[in-house]
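Asks: Below: sequence and its predicted model.
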Amino acid sequence: FITRLISTLQGIKTSKPQPAVEPPLLDNYHHHRHFPAGTLRTDPTAVSAAATDYGHIVHRRPAAVLHPSSVDDIVKLVNLAYDYNVVHNHNNNSTSAGLTVAARGRSHSVRGQAMAAANGVVVDMMRLRSARFDKNVNVVVSSKPPGPYADVGGEALWIDVLEAALRHGVAPVSWTDYLYLTVGGTLSNAGISGQTFRHGPQISNVHEMDVVTGTGKLVTCSPSTNADLFYAVLGGLGQFGIITRARIALRPAPEKVRWVRMLYSDFSAFTSDQERLITVHASRKQEHDTSEDRNRNHGGGLLDLELDYLEGSVMVDRGGPPSHWRSSFFPTSDAPRIVSLVAQHRVIYCLELAINSYTNHHHHHLDTELERLLQGLSYVPGFAHSKDVSYVDFLDRVRGGELELQSRGLWEVPHPWLNLFVPKSRIAEFDSGVFKDIVLRRNVTTGPVLVYPMNRNKWDERTSAVIPAAAAEEEDVFYTVGFLHSSGHEGWEEVEEQNREIVEFCEGRGMGVKQYLAHYATTEEWARHFGPKWTRFRHRKSEFDPMKMLSPGQRIFN
Ligand code: FAD
């Protein structure tokens, strides 16, 4: 059917090599230099490139890869695939698999979520990005509601959005730790980072989208127009349509950031400080306060600062200094003290804050305000360090580590990641059963281990994203825990064993933990994952992608 599809795709040329100019940013696309956008490719280079992802665990070769030159190419492909499946009566109830279509953003999924198998076509969104030299980010600065925003292609990277927005003195409010991910890819999950406690995930900061649904229609949706599609797509794991444009909320960008890390040996002190900080600061309004506001706004030191980011991480004794893309922060002269703190306690915790600074005048006062803030916290005395960095350097902080790992050949390795959302009421039990038992005993953890809280009320229940149920009505916070493992090509199965033990531990204790960036093999497991949202999720699937063609790599309906 691919041969037939190719012959039917009028206007989309098939692999016809031609010289094309490459954009400078993502050089791993050099293999495709001779293929213009607007091409359906079936050659081994294109097919192999689409058969892998950042995880390097799952490998699936699609039948073909579309390099779109425009949204129209995507509409055309999905339309033809839909018609093909209708004519051949292929949906999930038929015995043979129909034709599938998978949008592939930056392919930074770790379990094949952006792949398609031999009956599928991958839509390479990065090629659409290359085809658009303006990077497809249109910033509108307005003081009228909804305020400044950017219309952004689903294929744009968050770094593109940042660079374009900063030219107007504005920036998105909610981020991921790493900016070389596509807007369409992160909005299909949630998009979380240290700003989530205050502004919600990225899916809480979108005004409108254009989506190519599974019936091949290009639909504009928002909370007031085609609202069901809008909420389905946000956190929808690519199941309902391909995002081709998103309207992202912006606000004035700070000039600088005071970036602080503190070490804790006591988990309960660490989580109490985290929870207190996010509770106080989440209630502040979104725009940066004026200095008059700040003068009025006294909250025992805590409220005088614009705390805009809070994360935490775990350091486990592995007999040496930690070495990964988040580890360089404290001065190198502190390394021996930190190593001996880890050796003494076996597990220690790092609380990380970022405080926005808008003017030099305000920046000048940060020292005193920060000192007051630190006095109220229970970290190990002597283990706090801060530095001032530009806003861009702060947001793009992972890039340096990435480039270093790339230069050592340690970026393109298996990444058996495990990301969990843990109810606040069970996080202490998680610490003792997982960090202090499973992780120490198995001794296979490499890469950062993140743990930080988020406020439940910043997540919109109408989206497809799944968060843990509150154990009690007043449980307003839950934690994200991310084991961002990178292993050798040989060692990842051991890490998978650890992941399995952690998941079984949580399930065995009935902790109500949910996976983020979840991956399951069966529909039953997905139904359990979605819990009360499953019926609506299925209903939305039959409405927006009745042939069950889209994002088959999630293995929900395929
Ligand atoms: P892909 O992996 O290409 O696609 C993900 C899914 O979305 C697939 O099912 C795909 O079919 C679908 N999809 C892709 N594009 C579209 C589209 N335009 N419309 C509809 N569906 C689409 N996540 C966080 O939340 N916070 C973080 O801080 C964070 N940091 C990360 C750091 C690194 C180094 C890496 C590798 C990942 C990180 N992630 C983080 C996870 C990341 O958000 C997800 O893996 C996300 O899917 C990556 O975006 P992508 O463009 O690579 O999407």
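Replies: Sure thing, it's come through. Residues are numbered from 1 along each chain as shown.
Asks: got the buried residues for stretch 41-49?
Replies: For stretch 41-49, burial by neighbour count (16 or more other CB atoms under 10 Å) applies to R41, T42, D43, A46, V47, A49. Yep, even glycine has a C-beta here, placed from its N, CA and C like the rest.
Asks: Among these, which are located in helices?
Replies: Judged by DSSP state H, these include A46, V47, A49 as members of helices.
Asks: quick revisit: closest one of the buried residues of stretch 41-49 to the ligand?
Replies: Checking these against the ligand with CB to the nearest ligand atom, the nearest one is A49 at 12.5 Å.
Asks: Tell me the confidence at the closest one?
Replies: A49 carries a pLDDT value of 95.
Asks: My guess is it contacts P62. True?
Replies: No - shown here, A49 and P62 do not form a contact pair, counting by CB atoms under 8 Å, at 10.2 Å.
Asks: so what's A471 closest to, chain neighbours aside?
Replies: S425 (4.5 Å; CB to CB, 6 or more residues apart in numbering).
Asks: Quick one: residues contacting the one you found.
Replies: A471, A472, E475 (CB atoms under 8 Å, 6 or more residues apart in numbering).
Asks: if we can go back for a sec, what two of the buried residues of stretch 41-49 have the greatest distance between them?
Replies: T42 and A49 (12.5 Å; CB to CB).
Asks: Which of the three states applies to V101?
Replies: strand (DSSP: H, G, I helix; E, B strand; the rest coil).
Asks: which one of the buried residues of stretch 41-49 is nearest S143?
Replies: Closest to S143, out of all of those and judged by CB to CB, is A49, at 45.0 Å.
Asks: picking up where we left off before, so among the contacts of S425, where is pLDDT lowest?
Replies: Out of those, that is A471, at 79.
Asks: Quick check: it vs S272, distance?
Replies: According to CB to CB, to the nearest Å, A471 and S272 sit 18 Å apart.
Asks: And for E429?
Replies: 16 Å.
Asks: Check the stretch 401-550 of the chain for the residue nearest the ligand and tell me.
Replies: L517 (5.7 Å).
Asks: Was I right to think that residue contacts L420?
Replies: No - between L517 and L420 there is no contact under CB under 8 Å: 9.9 Å.
Asks: Which secondary structure state does D151 sit in?
Replies: Once three-state DSSP is applied, D151 turns out strand.
Asks: The stretch 1-150 of the chain against the ligand: which residues are in contact?
Replies: Y54, A102, A103, R104, G105, R106, S107, H108, S109, Q113, A114, M125 (CB under 6 Å from any ligand atom).
Asks: Would you mind giving those as TSV with distance to Y379 and pLDDT added?
Replies: Listed next are these as TSV, based on distance: CB to CB, whole Å; pLDDT from 0 to 100:
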residue	distance to Y379	pLDDT
Y54	33	97
A102	45	98
A103	43	98
R104	42	98
G105	38	98
R106	35	98
S107	38	97
H108	32	98
S109	35	98
Q113	37	98
A114	40	98
M125	42	97
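Asks: which one among those residues gets closest to the ligand?
Replies: Checking these one by one against the ligand (CB to the nearest ligand atom), the nearest turns out to be G105, at 2.4 Å.
Asks: pretty sure the closest one contacts R127?
Replies: No - counting by CB under 8 Å, R127 is not a contact partner of G105; they are 11.3 Å apart.
Asks: ok so, going back, doesn't the residue nearest to A471 fall inside a strand?
Replies: No - under the criterion used here (three-state DSSP), S425 is helix, not part of a strand.
Asks: related to what we said a few turns ago, among L517 and L420, which residue is more densely surrounded?
Replies: L420 (25 against 18; other CB atoms under 10 Å).
Asks: quick one: average pLDDT of the host helix or strand of the more buried one?
Replies: L420 is part of strand 418-423, with elements assigned from DSSP states H and E. If you average the pLDDT over strand 418-423, you get 98.
Asks: Return the alpha-carbon coordinates of whatever helix or strand comes next after it using CSV.
Replies: Later in the chain than strand 418-423, the nearest helix or strand by DSSP H and E is helix 427-430. What follows is helix 427-430, C-alpha atoms only, in CSV (Å, rounded to 0.1, in the frame of the first residue of the first chain):
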residue,chain,number,x,y,z
ILE,A,427,6.8,10.6,49.1
ALA,A,428,8.5,9.8,52.4
GLU,A,429,7.7,6.1,51.9
PHE,A,430,9.1,6.4,48.3
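Asks: how far does the helix or strand following helix 427-430 sit from the chain's center?
Replies: Next helix or strand after helix 427-430 toward the C-terminus (DSSP H and E): helix 440-442. Helix 440-442 sits 28 Å away from the centroid of its parent chain (CA atoms, centre = their mean, to the nearest Å).
Asks: list the helices and strands helix 440-442 packs on?
Replies: helix 492-508 (3 or more CB pairs under 8 Å, 6 or more residues apart in numbering; DSSP states H and E).
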